[in-house]
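Student: Structure, please.
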Amino acid sequence: MISSRAFIEVTVGVNRMLRFIGTRKVFRMPIPAEGYPLTAAVSPRVQIATSTGSTNADVVAATSAEPDAWPHLSLLLTTDQRAGRGRLDRSWTAPAGTALAISVVLRVSELPVQFRGWLPLLAGVAMTTSVRAQLPGSGHVAGLKWPNDVLVDGRKISGILAEVVPSHPDTIVVGAGINTRMSAVDLPVATATSFAALGLECNDDALLATFVRELGDEVTRLVGAADTKGARAEVESVCTTIGSDVVVSLPDGTRLEGKAISLDDDGRLVVKTTAGTEAAVAAGDVVHVR
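Tutor: Take a look at the predicted model:
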């Protein structure tokens, strides 16, 4: 049952939310049946931007300006993001109405700092679970490519970017982009896919509600854990990179080739190289060879 305090807040205009205090034009309304009632049932604040540059940038700014207004698992979403960012500072764009962009606030003051590197990977687990819930009976298979790209049939349908709020280091913003109604001709690269390109209709509300619920559960489990063994097992259980032959392009421009064999205690990808040595990769672009 949805709390009577739950509401959807719609922000009008590109980046209007950055003017969080003062002149922002906002409409408050009861949650409509055709809106996001499932998501509002698991999130204390659901804000919708009709159009914006970057949901992550907006939420980082908003939580810095008015932190008490954005409790744990609050979120901003849009179907028209103009200047999204991915890992390694890459741009992420999509035609309006063809993808969901969401940013979720995580309050992690109780989580040891040394465990926080697992949050982006566990966000990938939560999104993998959410995408899988949209696929029953379809014959399509979703899995996680390290560190947190979600693939369906080996093609990317969702990516994740986690950022620490500079003025509040115990606050993490987890952003995710999901290709929902993007036609095959609009896909940015041959290695991408979308629900529409797969011939499927995505239930946006159910997808987001599952993601937020699973993400919250992952944080709760990690906070209560004595170590990261459980997190490691969860990520490895859905990670299709493990056991694959891979080529990893490293930030320094070099490449690493071999077989991905596991994750280490810090969430790094362990690759057994063609030379027979083992290397732990903290950051890089991974290509599955097979």
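Student: for the longest helix anywhere in the chain, the distance to its chain's centre please.
Tutor: Taking DSSP state H as the assignment, the helix of the chain that covers the most residues is helix 204-224. Centroid separation for helix 204-224 versus its chain: 11 Å, with Cα atoms, centre = their mean, to the nearest Å.
Student: which residues are in contact with the following helix or strand past that helix?
Tutor: From helix 204-224 onward toward the C-terminus, using DSSP states H and E, the following helix or strand is helix 229-238. Applying Cβ atoms under 8 Å, 6 or more residues apart in numbering, the external contacts of helix 229-238 come out as 115, 118, 121-122, 124-125, 128-129, 143-144, 218, 221-222, 225, 242, 262-263, 265, 267. For the C-beta atoms, the positions are set from N, CA and C on the backbone; glycine is no exception.
Student: ok, back up a step: the longest helix of the chain to helix 229-238, inter-axis angle?
Tutor: 140 degrees (axes from the mean of the first three to the mean of the last three Cα atoms, to 10 degrees).
Student: Number of residues surrounding V173?
Tutor: As a burial measure, V173 scores 25 neighbours (other Cβ atoms under 10 Å).
Student: And the longest helix of the chain, what does it pack against?
Tutor: Helices and strands touching helix 204-224, by 3 or more Cβ pairs under 8 Å, 6 or more residues apart in numbering; DSSP states H and E, are helix 37-40, strand 75-78, strand 99-107, helix 119-132, strand 168-179, helix 229-238.
Student: try 6 Å this time
Tutor: helix 37-40, helix 119-132 (3 or more Cβ pairs under 6 Å, 6 or more residues apart in numbering; DSSP states H and E).
Student: what's L269 in contact with, if anything?
Tutor: Contact partners of L269, counting by Cβ atoms under 6 Å, 6 or more residues apart in numbering, are W146, A260, V281.
Student: Please identify the most buried of the helices and strands packed on helix 204-224.
Tutor: The highest mean neighbour count among those, using mean count of other Cβ atoms under 10 Å, belongs to helix 119-132: a mean of 24.
Student: Sitting in strands, which of the contacts of L269 do you find?
Tutor: If you go by DSSP state E, the contacts of L269 have A260, V281 in strands.
Student: Neighbour-wise, give me the winner out of the contacts of L269.
Tutor: That'd be W146 among these, by other Cβ under 10 Å, with 25 neighbours.
Student: OK, contacts around it?
Tutor: Here W146 is in contact with C239, T241, L269, V286 (Cβ under 6 Å, 6+ apart).
Student: Which residue in those has the weakest pLDDT?
Tutor: Among those, V286 carries the weakest pLDDT, at 93.
Student: how many other residues sit next to that one?
Tutor: Using other Cβ under 10 Å, the number of residues around V286 comes to 19.
Student: How about V60?
Tutor: Neighbours around V60, by other Cβ under 10 Å: 22.
Student: same deal with T254?
Tutor: T254 has 9 nearby residues by other Cβ under 10 Å.
Student: Ok, the one 4 residues further on next?
Tutor: Under the neighbour criterion other Cβ under 10 Å, G258 is assigned a count of 20.
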